[in-house]
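Visitor: Need coordinates for the below:
(one chain, ligands or ions: 1)
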Amino acid sequence: MQNLMANARIVLVNTSHPGNIGGAARAMKNMGVHNLVLVDPQEFPSGKADARSAGAKDILENARVVGSLEEAIEGCSLVVGTSARSRNIPWPLLDPRETAAQALAELSKHQVAFVFGREDRGLTNDELHLCNFHVHIPSNEDFSSLNLAAAVQVITYELRMALLASEKGHEPVPVWGTEWDAELATNDQMEKLFDHMQETLVEIEFLDLENPRQLMARLRRLYVRVRMDRVEHNIMRGILTATQRTLKKLR
Ligand code: SAH
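Guide: Just a heads-up that it's a prediction; the model follows:
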């Protein structure tokens, strides 16, 4: 159990209340999840976080503090973003149980991140666009936003339930098949691909940065949705490089 959970990380973005960081650490440790990454927390380390963590101070001491979400999810092949409300460009959306089934199927193969947003305004659209899936905890529509640590509790609880079921031989069924002939691309490889794609689309005058509309967001959604593997990723990078080279020759 421990080994699988070693590939799971909980990422809290720009948390304002240190008490919530402590509460999240406690929720994680209760469910056997240990890797906490904090993106630009407003107050950390903090006595308030320590107090709320109860006996989970070790999670706080081992927490990694980074400056950006990209850094926090580096090396992950599955990134799940949590959201209390729907957004303008819908992304593949799972409930916590489906998320846990999917994550469990992938944890033995690669790193998986669960991303949580700010107390006052959640995750930005750009941050949500770094994720493969979004997960919504099906709360009361008129009062949908959970406390941050409570949201971490729900997701890690479902993960633990999925793990316990699998240990009893009732393997939860992932929404997306995980048997594949090549390793999946990691988040940082995908980011390089999107940078390269944007650069090339500007060069061939398909994308106007003055008037980008939603082009990159839509392409992102297309490519994160297919769960690209490393071979496919290299082919795409090769096509872009060849396009740029040919364009240069023609000019
Ligand atoms: N007012 C914010 C909600 C922030 S709640 C908003 O409108 O987005 C803080 C964080 O807790 C969220 O970013 C998300 O990570 C998590 N969270 C709270 N309620 C949730 C829900 N119903 N489903 C999924 N995540 C939720």
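
Visitor: any idea which element the most centrally placed residue in the chain lies in?
Guide: Closest to where the C-alpha atoms of the chain average out (C-alpha atoms, centre = their mean) is Val79, at 2.7 Å. Here Val79, judged by DSSP states H and E, is contained in strand 76-82.

Visitor: May I have stretch 93-113 exported as CSV, CA atoms only?
Guide: Written as CSV, here are the backbone C-alpha positions of stretch 93-113 (Å, rounded to 0.1, in the frame of the first residue of the first chain):
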residue,chain,number,x,y,z
LEU,A,93,-14.9,15.6,-15.5
LEU,A,94,-14.8,12.7,-13.0
ASP,A,95,-16.3,12.3,-9.6
PRO,A,96,-14.1,11.4,-6.7
ARG,A,97,-14.7,7.6,-6.9
GLU,A,98,-13.9,7.5,-10.6
THR,A,99,-10.9,9.7,-10.0
ALA,A,100,-9.6,7.2,-7.3
ALA,A,101,-10.2,4.2,-9.7
GLN,A,102,-8.2,6.0,-12.4
ALA,A,103,-5.4,7.1,-10.1
LEU,A,104,-5.1,3.7,-8.5
ALA,A,105,-4.7,2.1,-11.9
GLU,A,106,-1.9,4.5,-12.7
LEU,A,107,0.0,4.8,-9.4
SER,A,108,2.0,1.6,-10.0
LYS,A,109,3.3,3.1,-13.3
HIS,A,110,3.9,6.8,-12.7
GLN,A,111,3.5,9.8,-10.6
VAL,A,112,0.0,11.2,-10.0
ALA,A,113,-0.9,14.7,-8.7
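
Visitor: buried set for that stretch?
Guide: By 16 or more other C-beta atoms under 10 Å, the buried positions in stretch 93-113 come out as 94, 96, 98-107, 111-113. The way it works is simple: take the backbone N, C-alpha and C, and place the C-beta from them, glycine included.

Visitor: So which of these belong to strands?
Guide: 94, 111-113 (DSSP state E).

Visitor: follow-up on the earlier one: look at the residue nearest to the centre of the chain and report its pLDDT.
Guide: For Val79, the pLDDT comes out at 98.

Visitor: go on, Gln2?
Guide: We have a pLDDT of 55 for Gln2.

Visitor: any idea how far Thr99 is from Thr156?
Guide: Here Thr156 is placed at a distance of 11 Å from Thr99 (C-beta to C-beta, to the nearest Å).

Visitor: With His134 instead?
Guide: The value you get for His134 to Thr99, if C-beta to C-beta is used, is 9 Å.

Visitor: who touches both of these two?
Guide: Val80 (C-beta atoms under 8 Å, 6 or more residues apart in numbering).

Visitor: Could you give the bridge partners of the residue nearest to the centre of the chain?
Guide: Counting by DSSP bridges, Val79 forms beta bridges with Ala113.

Visitor: if I pick it, what's in contact with it?
Guide: Residues in contact with Val79 (C-beta under 8 Å, 6+ apart) are 73, 112-113, 115, 130-132, 187.

Visitor: Dump these to JSON lines, plus pLDDT.
Guide: Output for the contacts of Val79, formatted as JSON lines (pLDDT from 0 to 100):
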{"residue": "Ile73", "pLDDT": "98"}
{"residue": "Val112", "pLDDT": "98"}
{"residue": "Ala113", "pLDDT": "98"}
{"residue": "Val115", "pLDDT": "98"}
{"residue": "Leu130", "pLDDT": "96"}
{"residue": "Cys131", "pLDDT": "97"}
{"residue": "Asn132", "pLDDT": "96"}
{"residue": "Asn187", "pLDDT": "96"}
